[in-house]
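> got a sequence here, can you build the structure:
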Amino acid sequence: MDADHILREMQLFSLGGEGIGGWITPSTDSRIFERLVRLDQEPLSKVQLNQLLVLGKESPVSDDFFKYYWLEDPLEHPYPVGLLPGFSKRWVQRDSTTIVSLDHLKWGLYRLFVDSLLYFGNVRTAYRQLRPLTKTELVNFFEGRRFDTSRIKERGPALPLSPIPKDDRYLISEMACKSYGDDPGAHGDLKRSLAAAFGSHQKSGGGRTTVRRLLQTTPPTYGDRQGEFMFSATEVLEEEVTSSEDLDAKLVPVVARFFKARDAALENTRYYLSMADDLDIYVATSMRGRDDFRAMADTCETIFADPRLKDLQLRYFDPTLSAAAGHEDKGIIECLMVKCAKVLVYCAGDRESYGKDAEAAMALSLGKPVIFYCDQSQRSRFYRDVHPLSRLVEFESGVVVGAMVTDSLGQVSELLYRLFENKMQYVLEQTKPGHLRLKEEVTDSVVRVQTADDMLSAAFFNLYHNRDAAVRIKRGSN
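Down below sits the predicted model:
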């Protein structure tokens, strides 16, 4: 082993510039290389590592930091560090006190870099904050970033939701609510429109017609609501009608099912509000047709029926089971659910909508894990590599947060299992000098980024947090 070999092996952690990312570079102090060359024969103690760090113009680490990152496989960490590349159990035996090989040194740095991108967004910033900490402080910091799996499993089931047949779930949509109205004893706009259209039909000669043809002549009184009425009358569009009584008979069963489904959906919303503080997953989507509601119901059923999730008894917001008194209330409810949920699952449809895009953006900006489910590989690539919502900044920390993208429902379930069991696996890569990407292992999605642009990085991490501090001072808070 020589200096060139060390440079090749440590290339992933060589970012250039100042800080821990500039510790091992072609311009590194030769005394550092001379000591690392002998690493396989002469294990490296914490004291000597600190000397090498200082020789490389970096600050030394605490005893507990050294032990935590190189001599332990802590169960309380947010992900299994023993699954990172190159790990050997012999490094973390009870009597371990030194770094015994270059692979061992790399494993500790790999851990540090992954933690840095996950929770700080920048390796140098993370190193500065973590290196002086005690064991208790390190454990508390990382335990606070784990899902409390034991509590989740022990809490028991929530109150059951009111069932709604899959074929009736489209009836809880806002379009149906506007069409049928709020009062079972009154005529809704759909019925009034059809009655007016049928009256015109009779005046022009009458005869057999269909609900579809009547709706195609929606009176001007109802403006551009033809599409809304068509959606709400989906089941009877092709039904023939010959009289007003016949028209009523076609609508009565659908109206009855609408109010039954709506009452159940409103009751479910009350249940969701009652468990909002304990909500695990928010499912974001847009549904424009009856088939969309069926497909979304099937999607939720498939994801959460996975045996890997059974013991977790996850609470999730199913958009096909919830309704609100109006669109303004619906917006408030959904914002609350996104804020309270621990994870968001975004289900892409044939067409995009502002609503679910805003929900995904809100979740990413809150630093929550977001899973994008797309049913086509080209759509998956679009979200992963192109769509701007696939990477946003967590407002509180300034960390760049990326969504996990998949076209497999099985992978959605697997990701939820790994998230709530604290078993996520990550892959670190340097795509160009100084530019780091952290990928999630199942979907190969980029979930964190550190830019190679020094000015951008300095401006972002200085101004972003200084601006927050200035706001706090101005408001008189600590």
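> test my guess that F461 contacts F120.
No. Counting by Cβ atoms under 8 Å, F461 does not reach F120; the two are 9.1 Å apart. The way it works is simple: take the backbone N, C-alpha and C, and place the C-beta from them, glycine included.
> and stretch 220-230, average pLDDT?
Per-residue pLDDT over stretch 220-230 has a mean of 89.
> other residues contacting it?
Contacts to stretch 220-230, defined as Cβ atoms under 8 Å, 6 or more residues apart in numbering, come from residues 175, 178-179, 189-190, 193-194, 196, 212, 215-216, 218, 237.
> have a look at F461 and F120 and say which one is more surrounded.
Higher neighbour count among F461 and F120: F120, with 21 against 16, using other Cβ atoms under 10 Å.
> identify the residues contacting the more buried one.
126, 129, 397, 399.
> what do you get if the cut-off is 10 Å, keeping everything else the same?
Counting by Cβ atoms under 10 Å, 6 or more residues apart in numbering, F120 touches 126-130, 397-399, 448, 450, 461.
> shared neighbours of F461 and F120, anything?
If you check F461 and F120 against Cβ under 10 Å, 6+ apart, the residues they both contact are G398.
> now the residue nearest the centre of the chain: how far from A341?
Residue closest to the mean C-alpha point of the chain, counted by Cα atoms, centre = their mean, is V370 at 1.0 Å. The gap separating V370 from A341 is 10 Å, by Cβ to Cβ, to the nearest Å.
> low-confidence stretches in the stretch 201-350 of the chain?
Scanning the stretch 201-350 of the chain for pLDDT under 70 picks out the ranges 350.
> quick one: the helices in it?
211-215, 226-232, 244-274, 290-304, 327-340 (DSSP state H, counting those that start in this stretch).
> so P433 touches L12, yeah?
No. Counting by Cβ atoms under 10 Å, P433 sits too far from L12 to count as a contact (11.4 Å).
> tell me which of those two has more neighbours.
L12 (15 against 11).
> that one belongs to a helix?
Yes. The assignment for L12 (DSSP: H, G, I helix; E, B strand; the rest coil) places it in a helix.
> what sits closest to it if chain neighbours are left out?
What sits nearest to L12 in space, not counting adjacent residues and going by Cβ to Cβ, 6 or more residues apart in numbering, is Q430, at 5.5 Å.
> now S150: how far from S244?
For S150, the distance to S244 - Cβ to Cβ - is 63 Å.
> between those two, which is the more surrounded one?
S244 (13 against 8).
> let me see the contact set for the nearest residue to K153 once chain neighbours are set aside.
Counting by Cβ to Cβ, 6+ apart, K153 lies nearest to D311, which is 5.6 Å off, once chain neighbours are set aside. Counting by Cβ under 10 Å, 6+ apart, D311 touches 149, 152-153, 417, 420-421.
> how is the residue lying closest to E267 once chain neighbours are set aside assigned, secondary-structure-wise?
In space, and not counting its chain neighbours, E267 is closest to S162: 5.0 Å by Cβ to Cβ, 6+ apart. Of the three states, S162 takes coil under three-state DSSP.
> in this structure S162 contacts Y272, no?
No. With contact defined as Cβ under 10 Å, S162 does not count as touching Y272 (11.3 Å).
> picking that back up, in which helix or strand would I find the residue nearest to L12?
Using DSSP states H and E, Q430 sits within strand 426-432.
> and the very next helix or strand once past that strand, what does it pack against?
Downstream of strand 426-432, the next assigned helix or strand under DSSP H and E is strand 435-440. If you count contacts as 3 or more Cβ pairs under 10 Å, 6 or more residues apart in numbering; DSSP states H and E, strand 435-440 packs onto helix 102-119, strand 400-402, strand 404-406, helix 409-420, strand 426-432, strand 445-450.
> off-centre distance for strand 435-440?
17 Å (Cα atoms, centre = their mean, to the nearest Å).
> hmm, who's touching it?
So strand 435-440 is contacted by 12-13, 15, 21, 113-114, 116-118, 122-123, 369, 371, 400, 402-406, 415, 418-419, 424-431, 445-453 (Cβ under 10 Å, 6+ apart).
> from those, list just the buried residues.
Taking 16 or more other Cβ atoms under 10 Å as the criterion, what is buried in the contacts of strand 435-440 is 13, 15, 21, 113-114, 116-118, 122-123, 369, 371, 400, 402-406, 415, 418-419, 424, 426, 428, 430, 445-450, 452.
> state the distance from the residue sitting furthest away from the middle of the chain to Q216.
Here the chain reaches farthest from its C-alpha mean at G205, the gap being 58.1 Å by Cα atoms, centre = their mean. Distance from G205 to Q216, counting by Cβ to Cβ: 16 Å.
> for G402, same thing?
46 Å.
> swap in H5?
77 Å.
> for P160, grab phi and psi.
Phi and psi for P160, reported as degrees, to the nearest 10, are phi -70, psi 140.
> surely it meets M275?
No. Counting by Cβ under 10 Å, P160 stays clear of M275, with 11.5 Å between them.
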